[in-house]
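1. model this:
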Amino acid sequence: MPIELPPCDHTPSPYSGPSKAELLERRKAVLNQGIFLLYKEPFMPVEGHMQYLWDETGRRYLDCFGGICTVSVGHCHPEVTAALSAQAQLIQHAPTCYLHPTVVEYAEKLAATFPDPLNRVYFVNSGSEANDLAILMARLHTGHHEILSLRNCYHGGNAVGMALTSHHTWKYAVPPMPGFQHLKAPHPVWGPIPYDAPDAGKQYAEEVADLIKFGTSGKVAAYIAEPIQGVGGAVPYPADYLTHAYAHVREAGGVCIADEVQTGFGRTGTNFWGFQNYEVIPDIVVMAKSIGNGFPLAAVVTTDEIASHMTGRIHFNTFGGDPLAMAQGMATLDIMLRDNTMALSKTIGDQLIAGLTLLKDKYPVIADVRGSGLILGVEFVQDGQPASAFTADFFERCKDHGLIVGKGGLHGSVIRLKPPMCLTPADADFLIEVFSEVLSELS
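-> Sure, this is the predicted structure:
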């Protein structure tokens, strides 16, 4: 008997476009071959409403990947759509070298979500651009060159993003940019130090001090880390890890950058920004994805002092601060704050963790259930090795049952859950039921 999705009062419009087979052939003929499709049988969503997607046949799915952690308050949220439409009827483009109210109003609201002294905003279009800009700011401010990032991280697909990223699957065989080094990272399954060990965070952070001593001049420009590694498989750190890591970096003259592209905007359920869960304050914060609920939008937030170095030359982003992006971003943030999507993420996340942990107790293939709020990972291991093939089958079968999830980790052995932050308890029950059914099928 098929597992039924919770009721939904939205009726999708009939689809009248090209067939999946026709569209696939046209795509193959014109798009760059490096642009991949996730599923063996391609998924073709043609309409979305809040946490749900409909394919070309009219079948409904629960979206628990959010367009790669990007749709935050819901697909086609009516208030976000209305704000974008209203702005589009007034002026569709105004660069930041003109004066326009929307960019100022949104920057004020966004900056107000940060602790002091983080108060200066620079808008760009993507997380990759934001990380590139953050590295530039760090080097200008410190006068140093060396950048440290963690193994298993992902920070973007441009040149700087690939230099920061430490996953061979996301790096091309071209000469790497100089000045980037990668630290051994904490990991609850594969790391050498159990997270519940005394001083686990301090011990892991010794890697930062050692690399600075042996791999650099002793001075660094920056250390960048995601509060929870996203593409790496929803990997958090021991509670005091960032405290010690930040201290080592600052002692070497560097600044600390928090990549909040996937963890930001209350998704962890306990704080609006992921770094706050570790009781640290970075010098620079980058954000994207959830910020625009699907619109190309990102930002870098930093201090007065660090931002002031940008005045030394002309620097400009054509679409950063664009009125359309600002309208969508501001509407998204207003909904997050009004509806307290952070608290909802905590409630639903706790429900999912409880249900997934019960499945872990029943199925040994689940090695770990981890994360916080609505950024979760389920890691599969067989015979002491990453269960890549099992995870690939699991991933496909979830779609067959009407559930869209993500997949990550270096070996593709982690199921990633990063849905829109409007899931209901009934949606969470559906996810657990699908996981249980698929585990039963594959076991």
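
2. ok, now how distant is the residue nearest to Ile91 when sequence neighbours are not counted from Phe265?
-> Using C-beta to C-beta, 6 or more residues apart in numbering and skipping the chain neighbours, the partner closest in space to Ile91 is Pro323 (5.7 Å). Placement of C-beta: from N, CA and C, glycine included. Note on Pro323: its distance to Phe265, by C-beta to C-beta, to the nearest Å, is 21 Å.

3. higher neighbour count, those two?
-> Phe265 (27 against 22; other C-beta atoms under 10 Å).

4. pretty sure the more buried one is touching Ile291, no?
-> Yes. With contacts counted by C-beta atoms under 8 Å, Phe265 reaches Ile291, the gap being 6.5 Å.

5. now stretch 375-388, how far from the centre of its chain.
-> Put simply, stretch 375-388 sits 20 Å off its chain's centre (C-alpha atoms, centre = their mean, to the nearest Å).

6. for the stretch 301-443 of the chain, what spans make up the strands?
-> Per DSSP state E, counting those that start in this stretch, the stretch 301-443 of the chain carries strands over the ranges 366-372, 375-382, 385-386, 403-404, 406-408, 414-417.

7. so which of those strands is the most packed in?
-> Stretch with highest mean neighbour count among these: strand 414-417 (a mean of 27; mean count of other C-beta atoms under 10 Å).

8. from the contact counts, what lies against that strand?
-> Under the contact criterion of 3 or more C-beta pairs under 8 Å, 6 or more residues apart in numbering; DSSP states H and E, strand 414-417 touches strand 375-382, helix 388-400, strand 406-408.

9. just send the ones you listed back as a markdown table, with mean pLDDT too.
-> Below are those laid out as a markdown table (pLDDT from 0 to 100):
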| stretch | mean pLDDT |
| --- | --- |
| strand 375-382 | 98 |
| helix 388-400 | 98 |
| strand 406-408 | 97 |
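
10. so which of the ones you listed gets nearest Pro45?
-> Pro45 lies closest to helix 388-400 among these, at 11.1 Å (C-beta to C-beta).

11. buried ones in the closest one?
-> For helix 388-400, the buried set under the neighbour-count rule, 16 or more other C-beta atoms under 10 Å, comprises Ser388, Phe390, Thr391, Phe394, Phe395, Arg397, Cys398, Lys399.

12. could you export that helix as CSV, CA atoms only?
-> Presented in CSV, the C-alpha positions along helix 388-400 are these (Å, rounded to 0.1, in the frame of the first residue of the first chain):
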residue,chain,number,x,y,z
SER,A,388,27.8,4.6,-1.2
ALA,A,389,25.8,2.1,-3.3
PHE,A,390,23.3,1.6,-0.6
THR,A,391,22.8,5.4,-0.2
ALA,A,392,22.4,5.8,-3.9
ASP,A,393,19.6,3.2,-4.0
PHE,A,394,18.0,4.7,-0.9
PHE,A,395,18.1,8.1,-2.5
GLU,A,396,16.4,6.9,-5.6
ARG,A,397,13.7,4.9,-3.7
CYS,A,398,12.8,7.9,-1.6
LYS,A,399,11.8,9.7,-4.8
ASP,A,400,9.8,6.7,-5.9
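
13. and the contacts of that helix?
-> Helix 388-400 has contacts (C-beta atoms under 8 Å, 6 or more residues apart in numbering) with 39-40, 43, 61, 365, 380, 382, 404-405, 407, 411-415, 434-435, 438-439, 441-442.

14. swap in 6 Å and give it another go.
-> By C-beta atoms under 6 Å, 6 or more residues apart in numbering, the surrounding residues in contact with helix 388-400 are Phe380, Val405, Lys407, His411, Gly412, Ser413, Val434, Val438, Leu442.

15. again with stretch 2-16
-> With contact meaning C-beta under 6 Å, 6+ apart, stretch 2-16 is reached by 46-47, 49, 52, 54, 56, 60, 401-402, 426-427, 430, 433-434.

16. so of those residues, which ones are in helices?
-> Judged by DSSP state H, these include Ala426, Asp427, Phe430, Glu433, Val434 as members of helices.

17. what's the neighbour count on Ala426?
-> Neighbourhood size, Ala426 [other C-beta under 10 Å]: 12.

18. oh, that last question was meant for Thr113, not what I typed.
-> Using other C-beta under 10 Å, Thr113 has 16 neighbouring residues.

19. doesn't it belong to a helix?
-> No. The assignment for Thr113, made by DSSP: H, G, I helix; E, B strand; the rest coil, is coil rather than a helix.

20. gap between it and Gly264?
-> The gap separating Thr113 from Gly264 is 9 Å, by C-beta to C-beta.

21. got it, and Ser149?
-> Counting by C-beta to C-beta, the gap from Ser149 to Gly264 is 18 Å.

22. could you do Leu359 as well?
-> Distance of Leu359 to Gly264, given as C-beta to C-beta: 29 Å.

23. same question, Ala387
-> Taking C-beta to C-beta, one finds Ala387 at 30 Å from Gly264.

24. more neighbours, the two?
-> Of the pair Ala387 and Gly264, Gly264 is the one with more neighbours under other C-beta under 10 Å, namely 28 against 22.

25. in what helix or strand does that one lie?
-> For Gly264, there is no enclosing helix or strand under DSSP states H and E.

26. so what's it closest to, chain neighbours aside?
-> That would be Met287: by C-beta to C-beta, 6+ apart, it lies 4.6 Å from Gly264.

27. tell me the pLDDT of the one you found.
-> Looking at Met287, its pLDDT is 98.

28. what does Met1 give?
-> Confidence score, pLDDT, at Met1: 66.

29. same check on the one 4 residues further on?
-> Looking at Leu5, its pLDDT is 98.

30. ok, Ala307 to Val300 distance?
-> Distance, Ala307 to Val300, using C-beta to C-beta: 9 Å.

31. please disregard the earlier target; I meant Pro425.
-> Applying C-beta to C-beta to Pro425 and Val300 gives a distance of 36 Å.

32. comparing these two, which residue is more hemmed in?
-> Comparing Pro425 with Val300 by other C-beta under 10 Å, the one with more neighbours is Val300, at 27 against 11.

33. quick check: that one is in a strand.
-> Yes. When classified by three-state DSSP, Val300 is found to be part of a strand.

34. ok, it touching Asn131?
-> No. With contacts counted by C-beta atoms under 6 Å, Val300 stays clear of Asn131, the gap being 8.5 Å.
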